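Enquirer: model this:
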Amino acid sequence: MENNPNSSRTDRKTIERNRRNQMKALYSKLNSLVPRQSSRESLSLPDQLDEAAKYIKKLQTNLEKMKERKESLMGTQERPNTSVSSGATMRLRYPKIEIHEIGSALEVVLITGLDSQFMFNETIRVLHEEGAEIVNASFSVLDDTVFHTIHSKVGDSFPFCGAASISERLKKFVQDANSF
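Expert: Residues are numbered from 1 along each chain as shown. Below is the predicted model:
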């Protein structure tokens with residue numbers, strides 16, 4: 001092997017030139033992945049890298065928001081458990097329904113997420129189909145949870161049979177909705 005200083009210097013220059021060309025190609029590829037802005041072409045390389053980093057952080061934030069939205073739409077969300085002081089979380093599952101019979105009156109409490117308005121509409125439809133008269137319907141929103149309260153009067157002829165039938169249908173409807 002020859003120990004030629006010119007040869008090793010040329011090799012180092014070639015290696016360094018190849019490294020710079022590879023870095024230039026990688027910067028160009030990264031720059032092409034960031035959405036176009038009219039003034040970005042004139043940005044220096046460090047500024048282009050800053051823009052790419054900001055864009056990646058924005059994408060990460062959007063991804064987290066979309067994951068939360070997906071959980072919300074799927075009906076499961078982690079909520080702080082207020083009854084446990086250790087900071088543990090519990091999973092709430094929407095929707096929930098409670099049905100209270102008070103003589104010929106029926107109180108239906110439906111708890112859903114913000115995106116489940118159809119559940120309220122379906123509950124009203126079932127009550128009408130079963131012959132119940134809606135006396136009052138109201139709702140309250142807390143964070144992303146909606147509490148619907150429906151007061152109805154069951155037919156006078158068979159109030160207990162009607163209430164039982166309505167209760168059974170509504171519970172089955174909510175149970176079926178939870179299975180998705």
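Enquirer: Kindly give the local confidence score, pLDDT, for the residue positioned nearest the centre of the chain.
Expert: Residue closest to the mean C-alpha point of the chain, counted by CA atoms, centre = their mean, is residue 69 at 1.5 Å. At residue 69, the pLDDT value in this model is 80.
Enquirer: and it, which of the three is it?
Expert: helix (DSSP: H, G, I helix; E, B strand; the rest coil).
Enquirer: just residue 112 next, same as before
Expert: strand.
Enquirer: Surely it is in contact with residue 142?
Expert: No: Residue 112 sits out of contact with residue 142 when judged by CB atoms under 8 Å, with a separation of 11.8 Å. C-beta: built from backbone N, CA, C; applies to glycine.
Enquirer: between those two, who's got more neighbours?
Expert: residue 112 (24 against 8; other CB atoms under 10 Å).
Enquirer: Contact partners for the residue nearest to the more buried one when sequence neighbours are not counted?
Expert: Nearest non-adjacent residue to residue 112, counting by CB to CB, 6 or more residues apart in numbering: residue 95, 4.3 Å away. In this structure, residue 95 makes contact with 75, 110, 111, 112, 113, 116, 119, 174, 177, 178, judged by CB atoms under 8 Å, 6 or more residues apart in numbering.
Enquirer: The second one bridge partners, please.
Expert: In this structure, residue 110 bridges to residue 97, residue 148 when assessed by DSSP bridges.
Enquirer: what about it, how many neighbours?
Expert: 25.
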